[in-house]
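Q: heads up, no residue letters with this:
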């Protein structure tokens with residue numbers, strides 16, 4: 001026998017839009033994850049984006065005949081123009097040979113004295129001029145980058161319980177109002193759980209003896225080369241711009257500085273005379289400030305998240321972040337009150353995962369910072 005009734009007792013409510021609103025308004029890292037297409041399986045795979053400029057790496061060179069890997073050789077046609085990375089001389093592919101080789105010729109010095117590339121040099125592809133009246137097969141072939149990455153889905157459940165005594169007191173109004181209020185609390189708690197998962201989660205597939213877990217920021221960048229050791233230094237614009245330049249060099253567009261509130265205060269001390277505070281629907285954080293990226297003149301938003309370790313910071317391109325619900329398993333709630341229970345129970349349940357596209361190109365970790373309390377004390381003493 002059900003002791004208490006309410007208007008949506010027999011209804012299953014989709015809470016995914018409400019959760020999205022709660023997440024967007026939470027001053028946390030998780031608010032950077034936009035909704036993307038639903039996952040079709042518990043091991044959620046995606047294609048990595050081609051964000052870096054096209055380039056080749058010279059394996060060896062002799063008498064202007066360059067040997068490449070098979071993958072790099074497929075990028076070239078007769079007439080393709082190239083430059084050596086960090087050099088201005090322009091080279092042209094004069095002939096494509098067998099066994100992944102091509103003949104190279106210098107066509108413009110552009111102020112450089114370099115006569116030819118050396119083994120292990122990276123050469124950036126400038127373009128391949130196409131003849132007038134070209135036919136099928138004569139153009140440059142391009143396709144989505146074939147590399148894939150994946151994350152796993154994780155089940156989240158929150159049980160919403162209101163006892164008979166709480167209902168009798170009616171502090172928060174009728175049953176409907178109290179349930180809606182407690183549901184909002186549960187979703188707020190879920191968003192904070194998701195935030196820590198987005199940072200520290202480990203990737204684990206669902207199996208007989210293990211539960212599915214979502215991998216987070218630290219998991220996807222554990223073996224990345226985009227790292228800067230601060231060596232106990234105070235966070236400043238030089239470190240931030242070093243991180244931004246590293247992301248730009250890999251083809252990303254740095255748009256965010258993620259750090260603890262203390263480190264945000266340290267960084268803002270340098271910019272306090274030219275700081276622009278922003279609080280809008282697309283720029284959120286416990287502390288948010290917009291800083292000019294000196295590498296390309298664009299802006300980066302400081303997001304201060306209390307869950308970020310105080311001695312670390314991140315320079316991120318957030319365009320690779322996504323939140324994907326398992327199809328048909330978006331967060332929803334339904335009545336779960338057992339017969340004879342003195343009160344009301346509802347169950348909020350959902351299964352989802354997070355995407356970190358091109359994590360090794362879009363995310364740069366700065367570690368080994370001086371703790372913010374010590375840094376602030378040093379700055380006060382200097383003043």
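A: Done, it's in. Being a predicted model, the structure only gives us computed values, none of them experimental.
Q: apart from its neighbours in sequence, what residue is nearest residue 239?
A: residue 366 (5.6 Å; CB to CB, 6 or more residues apart in numbering). Backbone N, C-alpha and C define where each C-beta goes, glycine included.
Q: now do whichever helix or strand the one you found is part of, average pLDDT.
A: According to DSSP states H and E, residue 366 maps onto strand 363-367. When pLDDT is averaged over strand 363-367, the result is 97.
Q: quick one: residues in contact with the next helix or strand after that strand.
A: Using DSSP H and E, the helix or strand that follows strand 363-367 in sequence is helix 372-382. With contact meaning CB atoms under 8 Å, 6 or more residues apart in numbering, helix 372-382 is reached by 234-235, 260-263, 265-266, 269, 310, 369-370.
Q: what is the nearest of those residues to residue 245?
A: The nearest member of those to residue 245, counting by CB to CB, is residue 235 at 16.0 Å.
Q: helices along this structure, start to end?
A: For the chain, helices defined by DSSP state H occupy the ranges 16-25, 70-73, 164-169, 175-200, 217-220, 237-249, 261-271, 359-362, 372-382.
Q: pull the helix or strand with minimum mean pLDDT from this protein.
A: strand 276-277 (a mean of 52; mean pLDDT, DSSP states H and E).
Q: got the buried residues for the strand holding residue 366?
A: For strand 363-367, a neighbour-count test (16 or more other CB atoms under 10 Å) marks 363-366 as buried.
Q: so that strand versus helix 237-249, what angle?
A: Using axes from the mean of the first three to the mean of the last three CA atoms, to 10 degrees, the direction of strand 363-367 lies 150 degrees away from that of helix 237-249.
Q: low-confidence ranges, the chain, go.
A: Low-confidence segments of the chain (pLDDT under 70): 1-3, 52-53, 134-146, 170-173, 271-297, 383.
Q: hey, what's the residue nearest to residue 355 when sequence neighbours are not counted bridged with?
A: Counting by CB to CB, 6+ apart, residue 322 is the residue found nearest to residue 355 once chain neighbours are left out, at 3.6 Å. In this entry, residue 322 is beta-bridged to residue 34, residue 355, by DSSP bridges.
Q: need the contact list for residue 322.
A: Residue 322 touches 33-36, 354-355, 357, counting by CB under 8 Å, 6+ apart.
Q: which among those residues end up buried?
A: Counted by 16+ other CB under 10 Å, those give 33, 35-36, 354-355, 357 as buried.
Q: make JSON lines out of the residues you listed and add distance to residue 239.
A: Formatted as JSON lines, these follow (distance: CB to CB, whole Å):
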{"residue": "33", "distance to residue 239": "25"}
{"residue": "35", "distance to residue 239": "32"}
{"residue": "36", "distance to residue 239": "31"}
{"residue": "354", "distance to residue 239": "27"}
{"residue": "355", "distance to residue 239": "27"}
{"residue": "357", "distance to residue 239": "25"}
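Q: contacts only, for residue 198.
A: Contacts of residue 198 (CB under 8 Å, 6+ apart): 29-30, 33, 214, 216-217, 354.
Q: show me the two of those that sit farthest apart.
A: 29 and 214 (13.3 Å).
Q: those two: which has the busier surroundings?
A: Shown here are residue 29 and residue 214; by other CB atoms under 10 Å, residue 29 has more neighbours (25 against 22).
Q: just to check, that one is in contact with residue 316?
A: No: when contacts are counted by CB atoms under 8 Å, residue 29 is not listed as touching residue 316 (9.2 Å).
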